[in-house]
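Asks: need a structure here:
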Amino acid sequence: MTRFTTRTLVACMFAATCSTAVMAHHSAAAFNTDIETTIAGTVTEYSFRNPHVYMRVDVKKPDGTVSSSEVEAGAGSVLSPLGFNRDSVKVGDKVSIVGNSSKANGDKLFLGRELYKEDGTYMPLNIGSRSTYQETTVKAASIAGAWFSPRTSFFAFLGGQRNWQVTDEGKAAVAKSASLPTPQKDCQPIGEPALMFYPVATVIEVKKDRVDLHVDWLDSERTVWLDGRVHPAATQTFPHGHSTGHFEGTTLVVDSTNFAANPIGLTTSLPSGTGKHLTERFAISEDGKGMVYSGKIEDPQYLKAPVEWSGTWLYRPEMKTSNEKCDIKVAQKFLSQ
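Replies: As a prediction, this is how the structure comes out:
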């Protein structure tokens, strides 16, 4: 298999919009993604983890022999909002899995896309898989609650990078990123605002002095202070920056500085520096079923000019987070094979 890189992550994600290729930290090129096959057997091992879900399936062949297939699925955080959770599968289940076999190892390593249980129940295994959630009829009265950024919003944000005015240092970093393993192998998430577009559940809690944002991707937690405090000295930096905010009606307006440098701080290939400045608006849509997430990024080290964006989240009051911490052993499972 190829080394997993930030560029292959993006390639896998964009491929998912067209062919439901897996969102992975290593290249989907290691699999026969143009040939869809099905394996059927009994689940003998199952691990619901971040950033990947794995299971082992014993497959009985026509000649009576049994072979074992290791099935790789998407991250628990990504599959949860599509309807697949820790209890969706258990050891002993008889299943059929649609996906792609490994070019080097055949069905011994299998890239899962869809799972069907013995009774016909469908389960998504991939970022591009069909969701089991239905559109809600409930309208949000505030930004508090569970929200979901569909993968189309995430891809649209990442795709916008082609129109950004990037510094020479930024261009060099993007070119170099193709040969470097992604920091997500070390459970370091992508930076804001891309993080906020990740296709996972985000739960917002509004409290008297702050707003807490629980983003279900690589243990990401943000706090927006509402108590009038100022940003600390520039020498103090934090992985998710320091955020202050206020409400304009039901819309939360956030100002964030003091970001620690991040090799994937702007996109999966473009870093961010300690001079990064982010303004964000979280506004409930007119129909109450979504949220418009918009704002502006400034980063003089990597951007020649500020970048503005706008995207949509979906209100999903019944959606749960995966409650799974990032497992570094799983994140590095296919680092060099």
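
Asks: and Gly288, how far is that from Ser142?
Replies: 10 Å (C-beta to C-beta, to the nearest Å). For every residue, glycine as well, the C-beta is placed using N, CA and C.

Asks: Compare those two and say which is more crowded by neighbours.
Replies: Gly288 (14 against 11; other C-beta atoms under 10 Å).

Asks: Just give the number of residues close to the nearest residue to that one once chain neighbours are set aside.
Replies: Take Gly288 and drop its neighbours on the chain: the residue closest to it by C-beta to C-beta, 6 or more residues apart in numbering is Lys139, 3.0 Å away. Using other C-beta under 10 Å, Lys139 has 13 neighbouring residues.

Asks: What of Leu218?
Replies: Neighbours of Leu218 (other C-beta under 10 Å): 22.

Asks: For the remainder of this discussion, apply numbering that starts at 528.
Replies: Okay, using 528 as the starting number, the last item reads as Leu745.

Asks: For Val757, give me its contacts.
Replies: Thr771 (C-beta atoms under 8 Å, 6 or more residues apart in numbering).

Asks: if we can go back for a sec, name the helix or strand for the residue nearest to Gly815, please.
Replies: For Lys666, there is no enclosing helix or strand under DSSP states H and E.

Asks: give me every residue that touches it.
Replies: 814-816, 842.

Asks: separation between it and Val598?
Replies: Counting by C-beta to C-beta, the gap from Lys666 to Val598 is 39 Å.

Asks: again with Gly776
Replies: From Gly776 to Val598 the distance is 48 Å (C-beta to C-beta).

Asks: same deal with Lys621?
Replies: 14 Å.

Asks: Neighbour count for these two, which is higher?
Replies: Val598 (24 against 13).

Asks: wait, doesn't the more buried one sit right on Val584?
Replies: Yes - with contact defined as C-beta atoms under 8 Å, Val598 reaches Val584; the gap is 5.8 Å.

Asks: what's the overlap in contacts for these two?
Replies: 566, 624, 637.

Asks: Quick check: bridge partners of the second one?
Replies: Ile624 has these beta-bridge partners by DSSP bridges: Ile566, Leu642.

Asks: Then the last one?
Replies: With DSSP bridges as the criterion, Phe637 is bridged to Val598, Ser628.

Asks: Now for it: which residues touch it?
Replies: With C-beta under 8 Å, 6+ apart, Phe637 has these contacts: 566, 584, 596-599, 624, 626-629.

Asks: name the element Gln828 belongs to?
Replies: With DSSP H and E as the test, Gln828 turns up in no helix or strand.

Asks: Confirm Val739 sits in a strand?
Replies: To be clear, residue 739 is Asp; Val isn't right here. Yes - looking at Asp739 with DSSP: H, G, I helix; E, B strand; the rest coil, it is inside a strand.

Asks: My guess is Lys823 contacts Ser783. True?
Replies: No - look at Lys823 against Ser783 with C-beta under 8 Å: they stay out of range, at 11.0 Å.

Asks: Common neighbours of these two, please.
Replies: In contact with both Lys823 and Ser783: 805-806, using C-beta under 8 Å, 6+ apart.

Asks: Among those two, which residue is more densely surrounded?
Replies: Of the pair Lys823 and Ser783, Ser783 is the one with more neighbours under other C-beta under 10 Å, namely 24 against 14.

Asks: and Val586, what does it touch?
Replies: 566-568, 593-596, 634.

Asks: Now name the helix or strand holding the spatially closest residue to it that is not a sequence neighbour.
Replies: Closest residue to Val586 apart from its sequence neighbours, by C-beta to C-beta, 6+ apart: Gly568 at 3.8 Å. Here Gly568 sits within strand 564-575, counting by DSSP H and E.

Asks: What helices and strands are in contact with that strand?
Replies: strand 580-587, strand 593-600, strand 621-629, strand 633-644 (3 or more C-beta pairs under 8 Å, 6 or more residues apart in numbering; DSSP states H and E).

Asks: would you turn these into TSV with distance to Ile855?
Replies: Formatted as TSV, those follow (distance: least, C-beta to C-beta, whole Å):
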stretch	distance to Ile855
strand 580-587	15
strand 593-600	17
strand 621-629	23
strand 633-644	21
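
Asks: In JSON lines: those, plus distance to Glu835 and mean pLDDT.
Replies: Shown next, in JSON lines, are the helices and strands packed on strand 564-575 (distance: least, C-beta to C-beta, whole Å; pLDDT from 0 to 100):
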{"stretch": "strand 580-587", "distance to Glu835": "36", "mean pLDDT": "95"}
{"stretch": "strand 593-600", "distance to Glu835": "35", "mean pLDDT": "94"}
{"stretch": "strand 621-629", "distance to Glu835": "38", "mean pLDDT": "96"}
{"stretch": "strand 633-644", "distance to Glu835": "35", "mean pLDDT": "94"}
